[in-house]
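Trainee: Test case, fold it:
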Amino acid sequence: MSRFFAILKVQMKCLALTGLLLTSLSPFTVGQVQAADPMVVDSFSGPVTQNEINSFKSYILSLQPVVWPNTESMQNEYAQGKSGESIKAMGLMYEMTGDTAILDRMIYFCGVLLSQRNDILPAPYGQRTVWTNTIAPVWPGNSTGTASADSANGDPVGHLANCARLILSTPSIWNTTVPDGNPYGHGVTYKQRATKFLTEADFVVSQFIFPKLLNLSNGNKYYFSSQSPYMTNGAMPWNQQMMISFGLQNLAVAHELLGDNPTLVSQYDSIVQANVNWFFANNSAKQVYTNSAGNTTYNWGYNPTLLSGEDNSHGSLDVAGFYRQFLSGRYGITAAQLKPLANMYADIMMRGPNDFAGKVDGTDGSGNSAPTTYARSGYLFLTALRPDVYNALTNADSSRAGTSMDIFSRLMWAKNKRYQNGGNLASGKTYSASSTWSSSYDANKAFDGDAASRWSASSGSVSNQWIRVDLGTAKNFNQVFVKEITYNRITSYKLQYSNDGTTFTDIAGTSGTTIGAGKSIDFSNISARYLRLYINSASQEPTVNEIEVYESN
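Mentor: This is a model prediction of the structure:
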């Protein structure tokens, strides 16, 4: 009996120490959450405001990273759970704002995360043998017995590496002190903290992910190892690939910034590149087709052996991962390669106001495949590629943004991107047309943001009709959306530009025969004052509901 109490005393001491370290960083008690005001979205247009930033900062101070025993799965909590999504949100907001207070809170969360790793945390929650028969450096997926561990451990690696990357991307703070008292001994200065996070993330990769979890013998593609209890030698699902790549791509950038290990940079990048190519350069891993709106679209499945029907939830994770890889600028992904993902969501999954299909092929199921009344946050990245659906997505998510950090941060990212790109360049400008049916159907109606109104050519005017916008001054643009919703009558068209409003030049690659409910027309960047849709022919008087003009990615 005395031995039992001695062990219990040690365990309670370890948990108390964890709590002491955590509370030393924050005025709130571990396991408790102080009520916080919701994060504030001032508007869906214009730049991110200081009020929006301040509301985010206030909100993150009310949150605590989850520690044992307050979860049944540490790896899930820090992969797609609240703590993990909070860390990603802080990283995204810091990149947008450069506000060091946000970075400090991210560092705090990452410090707690590292303290909870199986080989670092004392028993009973740490020091447990996993399926590798070792006390592996992982964040277990269960709280007792043999510790489960799978690809979800890629996200904790990604958090540590991303935090290190952000610190190392800001040399001005390297040698200043992190204002948290260094409770875990991870380093006094920002640079010391970054190198510690980097070293420990590398350790997880070298001691568990590469030698135990993965089989990279097939051209560096992500297959599970023969030891993996999840799936022996099977192709890793796309969403799980994103977890592994999230870690490796941030490790590669962080080491490159530090300039300490070019061999590792090359190794990590080559592995991520192989799996990027698996999706984008290999149509045997997905379907590519032209949808009913005339736009090239992807359909893919849960893993590379399944070619259709990825569900709404995992599709959002897939999209967010692909977009992170695109934003890194390291793996040759182009906007044109990503655009079919955006077309999938805009033309297939978006079935109406607040109605989003359960699967990427537009069908529904149950569970993760059930339809939603809001847009899962990963899809918000796609508004940079299909800005015509920005308002629909942001409005659908507005009620959730106040208390969902992943939605709020990605909505702010989308808003900031839209502001940087100038928004719809045709909004609020001057419009004219070759002819007009009546004042109820004049040229303005095709640019008013209301898909229910429309421009129509005059009675009997079927061929050689046009509608144009005067942007006021020369603007850069490379994307036009035309919506012919009410009546599909156009049978031949092209886009043209002009700087004097008199002489128009055809825009290469923009001619077509049909438009339909929503045609996305992309082309090489043009700088011009005027843009017009020239309609060579139509089955009856042409009528257009909406035209939008953008400079996109």
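Trainee: Going by C-alpha atoms from here, please, whenever you check contacts or count neighbours.
Mentor: Will do.
Trainee: Pull stretch 392-409 out as CSV, backbone CA atoms only.
Mentor: The C-alpha trace of stretch 392-409 is given here as CSV (Å, rounded to 0.1, in the frame of the first residue of the first chain):
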residue,chain,number,x,y,z
ALA,A,392,-21.3,33.9,-50.5
LEU,A,393,-18.6,32.1,-48.4
THR,A,394,-17.9,35.0,-46.0
ASN,A,395,-21.6,35.5,-45.4
ALA,A,396,-22.1,31.8,-44.8
ASP,A,397,-19.3,31.8,-42.2
SER,A,398,-20.0,35.1,-40.6
SER,A,399,-22.1,33.7,-37.7
ARG,A,400,-19.2,31.3,-36.8
ALA,A,401,-16.3,33.6,-37.1
GLY,A,402,-16.6,35.2,-33.7
THR,A,403,-15.7,32.0,-31.8
SER,A,404,-13.9,29.8,-34.4
MET,A,405,-10.2,30.7,-34.7
ASP,A,406,-9.7,28.8,-37.9
ILE,A,407,-12.7,30.4,-39.6
PHE,A,408,-11.8,33.9,-38.3
SER,A,409,-8.1,33.8,-39.3
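Trainee: Buried ones in it, by neighbour count?
Mentor: Judged by neighbour count (16 or more other C-alpha atoms under 10 Å), stretch 392-409 contains these buried residues: 392-394, 396-398, 400-409.
Trainee: can you map out the strands along the stretch 251-400 of the chain?
Mentor: 287-290, 296-299, 350-352, 355-356 (DSSP state E, counting those that start in this stretch).
Trainee: Contacts for the second one, please.
Mentor: The set of residues external to strand 296-299 that reach it, using C-alpha atoms under 8 Å, 6 or more residues apart in numbering, is 286-291, 307-310, 339-344, 360-361.
Trainee: One more: the last one?
Mentor: For strand 355-356, the external contacting residues (C-alpha under 8 Å, 6+ apart) are 349-350, 371-375.
Trainee: And for stretch 528-538?
Mentor: The contact list for stretch 528-538 (C-alpha under 8 Å, 6+ apart) reads 462-476, 489-501, 542.
Trainee: next one: it to chain centre, how far?
Mentor: Taking C-alpha atoms, centre = their mean, to the nearest Å, the mean C-alpha location of stretch 528-538 is offset from the chain mean by 34 Å.
Trainee: circling back to that earlier point, which one, of the strands of the stretch 251-400 of the chain, ends up nearest to residue 103?
Mentor: When these are compared by C-alpha to C-alpha, strand 355-356 sits nearest residue 103, at 34.0 Å.
Trainee: Would you format the contacts of strand 355-356 as CSV with neighbour count included?
Mentor: Listed next are these as CSV, based on neighbours: other C-alpha atoms under 10 Å:
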residue, neighbour count
349, 24
350, 23
371, 23
372, 19
373, 14
374, 20
375, 28
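Trainee: Three-state assignment for the nearest residue in space to residue 470 that is not next to it in sequence, please.
Mentor: The shortest distance from residue 470 to any non-neighbouring residue, by C-alpha to C-alpha, 6 or more residues apart in numbering, is to residue 530 (4.8 Å). Following DSSP: H, G, I helix; E, B strand; the rest coil, residue 530 is assigned to strand.
Trainee: what is residue 520 paired to in the beta sheet?
Mentor: Beta-bridge partners recorded for residue 520 (DSSP bridges): residue 481.
Trainee: Find the centremost residue of this structure, please.
Mentor: The centroid of the chain falls nearest to residue 320 when counting by C-alpha atoms, centre = their mean (3.1 Å).
Trainee: tell me the contacts of that one?
Mentor: By C-alpha under 8 Å, 6+ apart, the neighbours of residue 320 are 378-379, 381.
Trainee: can we see that at 7 Å?
Mentor: Listed by C-alpha atoms under 7 Å, 6 or more residues apart in numbering, the contact partners of residue 320 are residue 378.
Trainee: how far away is it from residue 410?
Mentor: Relative to residue 410, residue 320 is positioned 10 Å away (C-alpha to C-alpha, to the nearest Å).
Trainee: again, but for residue 154
Mentor: Counting by C-alpha to C-alpha, the gap from residue 154 to residue 410 is 21 Å.
Trainee: Assign a three-state SS to residue 469, would you?
Mentor: Classification of residue 469 by three-state DSSP places it in strand.
Trainee: Quick one: low-confidence residue ranges for the stretch 101-250 of the chain.
Mentor: The stretch 101-250 of the chain contains no residues with pLDDT under 70.
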